[in-house]
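Got a sequence here, can you model it:
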Amino acid sequence: MVEFSNAVITSFNFFGLLLSIIPIASATYIFINGPVWCDNESPVVTMGLGIFILVMSVVGLIGATAKCRVLMLTYLWMFSMVIIMALCMTTITFVVTSNSPADVVKASRGYELKEFMPLLRKYMVNDEKWVEAKKCMIQQQFCKIRLLSAKDNEVEYTKQIIFNDKIRRDCLIVTQFGCCRPPPQCGFEWRPNETLWVVPKKGLASKDHDCVAWSNNIDKLCYECDTCKAGHVAARVIEFHGDSGFCIGFPIFLFFIIFAIAYCALTNSNQKCRGCV
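Numbering: from 1, shown residues only. Alright, predicted model coming up:
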């Protein structure tokens, strides 16, 4: 059992070491080239997470192979922090998104920002974060992205993306409904020959803030609209709901399986590392 527990922890941390490369490489790419998707993930947070996993994996790897009690205690402490943070983040996210709408069909009618909890709105679309998200969408020409199936190649767009990931596709649809067209309640008319939305002869059906904010300018569109912010928030809710099974199962798996084996390895480790002194 002693050798088995150490072998499992060694293997687990070896894969954790390889896994840490993904967030580090992803954050580095974003720092150099800018974000691929305009969401709220900060490259600084992603880089910090990758470095933390890297350090924790190295500590666990050395502690398990050398049977070093000090390093195993450090590893268990760091591992406990990961479990606690994962459970806290999952719980908080479930609370703030539990009553939030997450329906792609509803996006065609338009989401309203007030439908989401104040804490979620404050975190996702506060002034600072929305400025960055809007800037990113303009730079990435977000509203010119065309969702394609394998057979859908009739229209040429600036960007064409084939999505195998339904969640990512749904998120993009929801955000585009909110940001790339006038809100449905405004009554704008689409002129396909001129590729723009125009005010009907009888005038707009509504003159609320979003209707006035709409512009056919590709760099403005409805990026100043609350419907755009609502679509952005709804996309993140859909993304979380799609990953909720993993968010619940992963911390439980870590706690009951890996933590238990790591504790077993700790109880059978030496007070000092072999070969260290």
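
mind listing the helices for the stretch 151-277 of the chain?
Using DSSP state H, counting those that start in this stretch, the helices of the stretch 151-277 of the chain run over 166-179, 209-213, 226-242, 244-253, 260-267.

right, I mislabeled it, should have said the stretch 1-150 of the chain
Ranges of helices within the stretch 1-150 of the chain are 2-19, 21-33, 43-66, 69-97, 104-107, 118-124, 127-139, based on DSSP H, counting those that start in this stretch.

In the shortest one, which of the residues would be classed as buried?
Buried positions in helix 104-107, judged by neighbour count with 16 or more other CB atoms under 10 Å: 104, 107. All C-beta atoms are positioned from the backbone trio N, CA, C, and that covers glycine.

export it as PDB, just CAs?
These are the backbone C-alpha positions of helix 104-107, laid out as PDB (Å, rounded to 0.1, in the frame of the first residue of the first chain):
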ATOM      1  CA  VAL A 104     -30.500  30.200 -26.700                       C
ATOM      2  CA  VAL A 105     -34.100  30.300 -28.000                       C
ATOM      3  CA  LYS A 106     -34.800  33.200 -25.700                       C
ATOM      4  CA  ALA A 107     -31.800  35.100 -27.100                       C
END
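
Wait, Leu19 touches Ile53, no?
Yes: taking contact to mean CB atoms under 8 Å, the distance of 6.5 Å between Leu19 and Ile53 places them in contact.

pLDDT below threshold where in the stretch 1-150 of the chain?
Under the criterion pLDDT under 70, the flagged ranges of the stretch 1-150 of the chain are 1-3, 35-37, 39-41, 102, 105, 146-150.

mind redoing it with 90?
The stretch 1-150 of the chain contains residues with pLDDT under 90 at 1-17, 19-20, 22-23, 25-47, 49, 60-150.

Which of the helices of the stretch 151-277 of the chain has the highest mean neighbour count?
Of all the helices of the stretch 151-277 of the chain, helix 226-242 carries the top mean neighbour count, a mean of 24, counting by mean count of other CB atoms under 10 Å.

average pLDDT for that one?
For helix 226-242, the per-residue pLDDT values average out at 86.

tell me the contacts of the closest residue to Ile24 other than its chain neighbours?
What sits nearest to Ile24 in space, not counting adjacent residues and going by CB to CB, 6 or more residues apart in numbering, is Gly50, at 3.7 Å. In this structure, Gly50 makes contact with 20-24, 26-27, judged by CB atoms under 8 Å, 6 or more residues apart in numbering.

let's go with 10 Å and repeat that
19-28 (CB atoms under 10 Å, 6 or more residues apart in numbering).

And Tyr223, by the same measure?
Under the criterion of CB under 10 Å, 6+ apart, the neighbours of Tyr223 are 130, 133-135, 137-138, 142-143, 178-180, 213-215, 217, 229, 232.

now swap in Gly16 and tell me
Shown in contact with Gly16 (CB under 10 Å, 6+ apart): 53-54, 56-58, 60-61, 79, 258.

quick revisit: give me the buried entries from the contacts of Tyr223.
Using 16+ other CB under 10 Å as the burial test, these include 130, 133-134, 137-138, 142-143, 178-180, 213-214, 229, 232 as buried.

Dump these to CSV, plus distance to Glu239.
Converted to CSV, these look like this (distance: CB to CB, whole Å):
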residue, distance to Glu239
Trp130, 18
Ala133, 14
Lys134, 19
Met137, 16
Ile138, 22
Phe142, 16
Cys143, 19
Gly178, 15
Cys179, 16
Cys180, 19
Ala213, 26
Trp214, 26
Lys229, 16
His232, 11
